[in-house]
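Colleague: sharing a sequence plus its predicted fold:
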Amino acid sequence: MQSQRSAPVAQRGVAATEFALAAPLIIVLLFGMLEFGLAIYTKGLIANASREGARFGVIYSSPRKTQGEIQAVVQDYLERAGFTDPADINITGAQGSTGSPLSVDVNYPYNLQVLPNFVAEITGPINLKANSTMLME
């Protein structure tokens with residue numbers, strides 16, 4: 001029969017120490033990936049809101065849609081998507097003639113969800129932007 005050797009006294013607790021050093025880094029990376037995914041999802045929703053507003057504004061109607069009506073469509077889309085902070089919505093070319101461009105810009109202040117205090121001190125405020133330009137019908 002072979003006897004099992006125990007680890008040398010100097011090696012005991014090394015795994016726990018290594019885990020204590022590596023765990024915070026792994027946790028920050030994990031939550032960072034989650035935060036990045038949420039930010040990309042939010043950016044997609046803002047782009048869709050901009051596109052919806054532009055599409056609403058370029059559809060032929062008499063009279064043409066006003067800047068206020070287009071802003072209301074974009075804001076409504078964002079509210080239905082769950083955005084509580086007001087977005088900065090800029091529209092250029094509203095009520096233009098057929099073939100002229102209509103541009104809808106949406107700037108939204110993104111609030112970090114997973115790592116709010118840790119990352120906000122490093123990066124400062126994060127603004128997500130989207131632009132949609134379409135030709136009037």
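Modeller: That came through, no problem. Numbers count the residues shown, from 1 in each chain.
Colleague: how close does residue 15 get to residue 123?
Modeller: Using CB to CB, to the nearest Å, residue 15 is found at 35 Å from residue 123. (Each C-beta comes from the backbone N, C-alpha and C, glycine too.)
Colleague: check which element follows the helix or strand of the chain at the bottom of the mean pLDDT ranking along the chain.
Modeller: When the helices and strands of the chain are scored by mean pLDDT, DSSP states H and E, helix 116-123 comes last with a mean of 70. Using DSSP states H and E, the helix or strand that directly follows helix 116-123 along the chain is strand 126-135.
Colleague: buried ones in that following strand?
Modeller: 128, 130, 132, 134 (16 or more other CB atoms under 10 Å).
Colleague: same for that strand, what does it pack against?
Modeller: Other helices and strands packing on strand 126-135, by 3 or more CB pairs under 8 Å, 6 or more residues apart in numbering; DSSP states H and E, are helix 14-58, strand 101-110.
Colleague: got a list of what the closest residue to residue 81 other than its chain neighbours touches?
Modeller: Spatial nearest neighbour of residue 81, chain neighbours left out: residue 45 (4.9 Å); criterion: CB to CB, 6 or more residues apart in numbering. Residue 45 is in contact with 78, 81, 83, counting by CB atoms under 8 Å, 6 or more residues apart in numbering.
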